[in-house]
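K.L.:
dropping a prediction and its sequence here:
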Amino acid sequence: MWENKIRKIYEILFKRFGEQHWWPGETDFEIIVGAILTQGTNWKNVEKSINNIKERGLLELEKFKNLSIEEIRELIKPSGFFNVKAKRLKNFLNEFSRRFRSIDEMKTMERDELRKYLLSIKGIGKETADSIILYALKKPIFVVDAYTRRILVRHNIIKGDEDYEYIRRLFEDNLPDDEKLFNEYHALLVKLGKEYCLKKKPLCSECPLNNI
DNA sequence: TGCCAGGCCGGGT
DNA sequence: ACCCGGCATGGC
């Protein structure tokens, strides 16, 4: 039997929900834009913004980087916090262009160096940086979000006051260093969270992780 | 109808 | 080093 809860949770979730096919975006650039737009925001709203951008044929690095903050703001309104997010997107594009010519070039940077670089960009915090590294750049790193923390707390794996890095290492230290696995695991936690572990729904009597 | 969503920053303690 | 208010739309 499983002696490791972190591995066991993955097995249960995968059996219950199957492949999640994340990130829900087609290109590396789309994933990066989505990662910034989804900060504190329902994914449905992000999709509306992504569609606005896509409909106008602007969801490409070379096109998007020519847009002004005002133009970006109008495109991303549905995903909320549009003033700050327009600045964050513009700022990311500026910083990115200063250092790289393409996203493929960014992929050649070593993971931890890349993380430090992304975190130095204003508007990119830990979760956004890790989402970009894992889902856009396809490098193994475990993404921690509000669902991850809440699920672990509700199932008594952690107390709740642990910081981001502690939780990230909890997963990385108990799993093989596998990008596909980290991709699937985080997606499964979000899936579980949306169905069984919302703030509003504290009991989770139907949660597949009960009695692990 | 109100509460919340796949956070992050900056200022105050 | 934490803690908290601000940021804003749309879904349920």
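P.N.:
Thanks, I have it.

K.L.:
and the gap between the residue positioned nearest the centre of chain A and A:Arg98?
P.N.:
Chain A has A:Ser131 as the residue nearest its centroid, 3.6 Å off, counting by Cα atoms, centre = their mean. Remark: distance between A:Ser131 and A:Arg98 (Cβ to Cβ, to the nearest Å) = 22 Å. (Each C-beta comes from the backbone N, C-alpha and C, glycine too.)

K.L.:
show me how the record splits chain A into domains.
P.N.:
Chain A breaks down into these structural domains: A:5-21+A:142-196, A:28-136 (assignment by automatic domain parsing).

K.L.:
what about the helices in chain A?
P.N.:
Ranges of helices in chain A, per DSSP state H, are A:5-17, A:28-37, A:43-55, A:61-64, A:69-75, A:82-99, A:103-107, A:111-119, A:126-131, A:146-154, A:164-172, A:179-196.

K.L.:
those helices: which one's closest to A:Glu206?
P.N.:
Nearest of the helices of chain A to A:Glu206, taken as Cβ to Cβ: helix A:179-196 at 6.4 Å.

K.L.:
pull out the buried positions in the closest one.
P.N.:
Judged by neighbour count (16 or more other Cβ atoms under 10 Å), helix A:179-196 contains these buried residues: A:181-193, A:196.

K.L.:
return the member of these nearest to A:Phe142.
P.N.:
Here the nearest of these to A:Phe142, counting by Cβ to Cβ, is A:Phe182; it sits at 5.1 Å.

K.L.:
any idea of the pLDDT on that closest one?
P.N.:
Predicted confidence (pLDDT) for A:Phe182: 98.

K.L.:
would you confirm that it contacts A:Val144?
P.N.:
No - at 10.9 Å, A:Phe182 does not count as touching A:Val144 under the criterion of Cβ atoms under 8 Å.

K.L.:
quickly list what's touching both of those two.
P.N.:
Common contacts of A:Phe182 and A:Val144 (Cβ atoms under 8 Å, 6 or more residues apart in numbering): A:Phe171.

K.L.:
ok, back up a step: touching, the residue nearest to the centre of chain A and A:Ile36? I think so.
P.N.:
No - the criterion here is Cβ under 8 Å, and A:Ser131 misses it with A:Ile36 at 9.2 Å.

K.L.:
how about stretch A:184-204 and DNA strand B, any contact?
P.N.:
Yes - counting by Cβ under 7 Å from any atom of the strand, DNA strand B has neighbours in stretch A:184-204: A:Val190, A:Gly193, A:Lys194, A:Leu198, A:Lys199, A:Lys200.

K.L.:
pick the one among those closest to DNA strand C.
P.N.:
A:Lys200 (9.4 Å; Cβ to the nearest atom of the strand).
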